[in-house]
Structures are given as structure tokens and as C-alpha cells.
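> model the structure of this input:
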Amino acid sequence: MKGLRREWIVLAVLVVVMTGVSALLGGRDAEDAREDRANPSTYNAKGSGTKGLYLWLQEVGLPVRRWERPPIDLPAQATVLLILGPRIPFEEQEAKALEEWIRGGGVLLLADDTVGGPVPGVWAGALAFRFGLQPRTGGKPGTLRPAFPSSYAGGVESIQPTGWVRFQRQRPEGWAPLFADGAGDILAIKRLGKGTIIALSDPGMFSNARLEIAGHAPLALNITQDHVRSGVILVDEYHHGYGHDSPFFRYLKGSAVPWILAQGVLAFLAFVVARGTRFGPPVPAGEPPRSSSLEYVGALGDLYRRAGARRLAGDTLAKSFRRTLAELLGARPGEEPVKLAVRAARRFGLRAERVKACLEPGPGVAASDEALLKYAQAVHHLEVRLRRRTFGPSRDRGGSTG
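This is a model prediction of the structure:
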């Protein structure tokens with residue numbers, strides 16, 4: 001029982017320590033770990049993140065803010081909205097509100113490589129579909145120069161996209177491809193009402209790892225500077241998962257705590273399965289030694305002596321010994337004494353004649369108290385030998401007698 005309790009304590013302490021270490025160091029480990037999936041959030045300081053772009057725009061004096069709410073309630077001072085590689089699909093209501101905001105004079109930089117058309121009632125599809133562009137794969141990395149002079153291309157000699165997605169113009173009217181190759185458009189511009197939409201098929205161009213390559217940084221600066229005027233530049237973080245939960249759970253998502261907890265649960269399940277699994281056939285528990293025959297005789301001796309019932313005492317002791325021997329041999333309660341004696345001799349190495357004499361005491365047992373006591377001692381001696389060979393040495397006081 002103590003061993004089992006100790007195992008539980010060790011397991012609990014192990015889980016607590018692993019969780020504590022993960023909570024303290026998980027954030028730091030997460031910063032240095034390799035990314036399994038691109039995350040273009042401005043909170044992400046790793047290679048695929050856009051934290052460098054966000055901080056750089058602030059350093060050059062542009063009013064840039066993170067936006068962690070749906071685009072259906074953009075503030076009036078917002079003039080430019082950057083949507084950089086959204087990880088959560090836009091709902092139909094959000095896309096409609098965004099289009100109205102652009103028509104009212106807003107400028108949208110949509111950097112998205114999502115591929116896939118809308119599925120009614122399930123998914124609104126890539127946001128570019130709403131504005132007449134169809135994202136398709138098939139492009140190749142390369143170096144591209146501006147297709148025509150533009151304020152966006154000032155100081156930008158070339159760009160180096162590495163993504164495989166290109167835009168196909170389903171509704172070509174109004175779209176001007178500033179950068180394109182044989183597979184389609186990489187950056188295209190369109191006036192929409194009073195506003196402008198700038199679509200980029202490779203959001204990785206503005207990532208921390210590639211912002212300083214070719215003309216990527218000047219391109220981002222030109223787009224934002226040309227349209228910010230006296231307003232504010234917003235960066236959409238709502239579709240990267242921010243604003244959906246509390247800061248505490250947001251921190252846990254970025255740390256190794258969920259993985260540590262999962263490992264703890266698996267360790268606990270393995271422990272439970274190991275403790276509850278039987279390896280091999282069931283082994284019956286050994287029956288503890290009962291009170292010795294001498295103790296039994298001593299307790300009833302006076303009663304039998306006063307009643308003059310030596311024969312009754314002998315028969316009672318013989319029945320008790322027969323019952324004990326039958327249980328140890330697995331025999332029927334009514335088995336004949338001769339057969340019991342033979343089986344006991346074969347199994348336990350006892351003399352069959354002595355066993356039979358104890359099973360069927362003769363009339364001399366009732367002749368005197370000394371004869372009855374001698375018979376009881378003989379029975380007790382056999383019982384001790386039987387139990388020692390069945391359960392091992394007995395620890396009771398009677399086990400050391402005879």
C-alpha cells in the first residue's frame with residue numbers, strides 16, 4: 001500500500017514540475033523553436049512573422065496599430081488596412097463590410113496565398129474571389145521588375161517572390177498588374193469606388209526573413225505612405241486568432257504548456273493501464289493459517305472434560321482435520337479417509353498410515369485424557385506440516401509447537 005501511494009506522489013510531483021518549467025520557459029523556447037507552419041502575425045518575431053515590418057513602420061513615423069476585432073466596425077480614422085496572410089477565413093458578413101469600407105475610401109493591402117473557391121454554407125472562399133481574382137498554384141520563384149511606372153514602385157527595382165500562388169483575373173476590368181509573370185499576377189491594383197485594393201499573392205515578401213530582400217521594404221513603405229494621409233494604418237490580427245480569447249490563454253497557446261499537459265495525461269493513462277493489467281493467469285491469494293488444533297482443544301477442553309465427552313471431542317477434532325485436509329487437497333468433503341490419506345501421502349510426502357489414523361481415531365482415544373491429548377498433538381503436528389508445505393512457515397505461536 002505504501003509503494004502504491006509513493007508511485008502516485010512521484011507521478012503528481014513529476015507532472016507539476018514539468019508544467020511549472022514549461023510555464024516559465026515555454027515562451028522563450030517558443031521564440032527559438034522552428035516553425036511548423038507560417039504565421040504572418042505582427043506578434044511573431046520568427047522568420048514567417050511580420051513583427052519587423054510593424055516595428056519598422058513605427059520607426060519611420062507612421063501611425064500603425066494592431067486591430068484585434070472583426071472588420072465590420074473599423075474606426076473612422078482608419079485609412080489603410082493590412083491583411084497579411086490571414087489564418088482564419090473571412091465570414092460573408094465580414095467580407096461585405098470590408099468591401100463597403102473600401103468603396104467608402106479605404107485602402108486595403110491584401111497579402112494572401114489562400115487557394116480555394118467558396119463553398120455555399122460552409123466557406124466563403126479566398127477573400128480575393130470577392131474582388132474578381134482567382135488564386136491558383138503554378139508560379140515559380142524568380143526576380144520580377146515593375147510592369148509600369150507607379151508611385152508604389154518608387155525605389156523598387158525588383159521583387160523576389162518565392163510563393164507558388166498567382167492571381168488569375170476573372171473580372172479583368174479595373175485591375176492593373178504591377179508585378180506579374182507567365183503564371184499570373186503577383187501584385188495587382190484596382191480602384192473600387194473611392195478606395196483602392198492592392199492584392200499580393202505572396203505574403204512572405206513582407207516577413208521578417210525576407211523584408212530586406214530586393215525592394216520588399218520600399219514597396220511596403222510606398223503603399224502605406226501614399227494612403228495614410230492623416231489617418232491610421234491598421235494591421236489585421238483578428239484573423240490570426242487574436243481577440244478571440246484572453247491574454248492568459250493566448251500566452252498558453254504560444255508556450256509548450258499544452259504539450260506538457262498532453263504528455264502528463266498520456267503518462268497517467270499509461271500508469272493506470274499498467275497498474276490495472278494482469279500479466280499471466282490469476283493467482284489465488286493464500287489462505288492465512290487458522291487457529292491451531294491445540295488452541296481449539298484448550299478452549300473446549302474443560303467443557304468436554306466436565307461432560308465426559310472424550311469420544312465427542314475426538315470425533316470433532318477428526319472432522320476438523322478431515323475438512324482441513326480436504327480443502328488443501330481440493331477434494332470433496334465426503335471423500336473416504338483412505339483416499340484422503342493416499343492423496344496426502346503423494347502430495348505432501350506424509351505417511352498414509354499416520355494420516356489415516358488421525359482421520360479415523362480408534363476407540364482408545366476416549367479411554368483417558370492423556371490418550372485424547374496425544375491424539376490432538378498428532379493432529380496438530382500433521383496440520384502444521386501440511387500448512388508449512390502449502391503456505392510456508394507459520395508465524396503464529398502454535399506453528400512452533402510439535
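> which ones are touching the residue nearest to Leu74 when sequence neighbours are not counted?
The spatial neighbour of Leu74 that comes closest, neighbours along the chain excluded (C-beta to C-beta, 6 or more residues apart in numbering), is Trp101 at 5.6 Å. All C-beta atoms are positioned from the backbone trio N, CA, C, and that covers glycine. Going by C-beta atoms under 8 Å, 6 or more residues apart in numbering, Trp101 touches 71, 74, 81, 108, 195.
> ok, now Ala378?
If you count contacts by C-beta under 8 Å, 6+ apart, then Ala378 has 354, 357-358 around it.
> which of the residues you listed count as buried?
357-358 (16 or more other C-beta atoms under 10 Å).
> now intersect the contacts of Ala378 with the strands, please.
Helix and strand membership here follows DSSP state E; of these, not one is in strands.
> before we move on, which element is Lys96 in?
When secondary structure is defined by DSSP states H and E, Lys96 falls within helix 92-103.
> show the subsequent helix or strand relative to that helix.
strand 107-111.
> if we can go back for a sec, distance to Asp185 and pLDDT for the contacts of Ala378 - can I get that in a markdown table?
Putting these into a markdown table (distance: C-beta to C-beta, whole Å; pLDDT from 0 to 100) gives the following:
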| residue | distance to Asp185 | pLDDT |
| --- | --- | --- |
| Arg354 | 108 | 86 |
| Ala357 | 111 | 83 |
| Cys358 | 107 | 84 |
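> reformat the contacts of Ala378 as JSON lines; add distance to Gln170.
Supplementary listing: the contacts of Ala378 in JSON lines, determined by distance: C-beta to C-beta, whole Å:
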{"residue": "Arg354", "distance to Gln170": "107"}
{"residue": "Ala357", "distance to Gln170": "109"}
{"residue": "Cys358", "distance to Gln170": "105"}
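> which of the contacts of Ala378 lies closest to Val342?
Arg354 (12.4 Å; C-beta to C-beta).
> close enough to count as contact, the closest one and His381?
No - taking C-beta atoms under 8 Å as the definition, Arg354 is not a contact partner of His381, at 9.0 Å.
> where in the stretch 51-200 of the chain is pLDDT low?
Regions of the stretch 51-200 of the chain meeting the criterion pLDDT under 70 cover residues 117-124.
> show me where it has helices.
For the stretch 51-200 of the chain, the helices defined by DSSP state H, counting those that start in this stretch occupy 51-59, 92-103.
> cool, and the stretch 201-350 of the chain?
Along the stretch 201-350 of the chain, the segments classed as helices by DSSP H, counting those that start in this stretch run 216-228, 247-254, 257-276, 293-307, 310-329, 337-348.
> which parts of the fifth one are buried?
For helix 310-329, the buried set under the neighbour-count rule, 16+ other C-beta under 10 Å, comprises 310, 313-314, 317-318, 320-322, 324-326, 328-329.
> of those, just say which sits nearest to Ile223.
For the buried residues of helix 310-329, the closest approach to Ile223 (C-beta to C-beta) belongs to Leu328, at 94.8 Å.
> from memory that closest one sits against Leu386, does it?
Yes - with the criterion set as C-beta under 8 Å, Leu328 and Leu386 qualify as a contacting pair; they are 5.8 Å apart.
> next one: the helix holding Lys96 to chain centre, how far?
Distance of helix 92-103 from the chain centroid (C-alpha atoms, centre = their mean, to the nearest Å) equals 39 Å.
> then stretch 326-339?
Relative to where its chain is centred, stretch 326-339 has its mean C-alpha point 57 Å off (C-alpha atoms, centre = their mean).
> before we move on, what about stretch 69-86?
Centroid displacement of stretch 69-86 relative to its chain, using C-alpha atoms, centre = their mean, is 36 Å.
> got it, and stretch 61-69?
How far stretch 61-69 lies from its chain's middle: 36 Å, per C-alpha atoms, centre = their mean.
> and it, end to end?
Taking C-alpha to C-alpha, to the nearest Å, stretch 61-69 runs 24 Å from one end to the other.
> just the buried positions in it, please.
If you call a residue buried by 16+ other C-beta under 10 Å, then stretch 61-69 has these buried ones: 63-64, 66-68.
> identify the residues contacting that stretch?
Counting by C-beta under 8 Å, 6+ apart, stretch 61-69 makes contact with 42-43, 54, 57-58, 74, 78, 81, 224-225, 228, 231-238, 242-243, all of which sit outside it.
> which of these are buried, as a PyMOL select command?
In PyMOL, a selection of the buried entries from these looks like this (16+ other C-beta under 10 Å):
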select buried, resi 42+43+54+57+74+78+81+224+225+228+231+232+233+234+235+236+237+238+242
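> so which residue is dead centre in the chain?
Residue closest to the mean C-alpha point of the chain, counted by C-alpha atoms, centre = their mean, is Ala262 at 2.7 Å.
> thinking again about what came up before, weakest of the helices of the stretch 201-350 of the chain by average pLDDT?
Mean pLDDT values for those show the minimum at helix 247-254, a mean of 56.
> quick one: residues contacting Ser151.
Each residue near Ser151 by C-beta under 8 Å, 6+ apart is listed here: 222, 226.
> alpha carbons of stretch 138-152, as CSV, please.
Coordinates of each C-alpha in stretch 138-152 appear next as CSV, following Å, rounded to 0.1, in the frame of the first residue of the first chain:
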residue,chain,number,x,y,z
GLY,A,138,1.7,27.1,-60.7
GLY,A,139,4.1,30.0,-60.3
LYS,A,140,7.8,29.7,-59.7
PRO,A,141,10.2,31.7,-57.6
GLY,A,142,12.1,34.4,-59.5
THR,A,143,13.0,38.1,-59.8
LEU,A,144,10.4,40.5,-61.3
ARG,A,145,10.6,44.1,-62.3
PRO,A,146,7.6,46.6,-62.3
ALA,A,147,5.4,46.3,-65.3
PHE,A,148,4.7,50.1,-65.5
PRO,A,149,5.8,53.2,-63.6
SER,A,150,3.9,53.7,-60.4
SER,A,151,4.3,55.6,-57.1
TYR,A,152,4.2,52.2,-55.4
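> re the thing from before, and of the contacts of Ala378, the nearest to Arg136?
Using C-beta to C-beta, the shortest approach to Arg136 within these belongs to Cys358, at 98.5 Å.
> dump the residue contacts of the nearest residue to that closest one once chain neighbours are set aside.
Once its chain neighbours are removed from consideration, Cys358 has its nearest residue in Val379; the separation is 4.9 Å (C-beta to C-beta, 6+ apart). Contacts for Val379 were tallied using C-beta under 8 Å, 6+ apart; they are 293, 317-318, 321, 358.
> brilliant, that's me finished.
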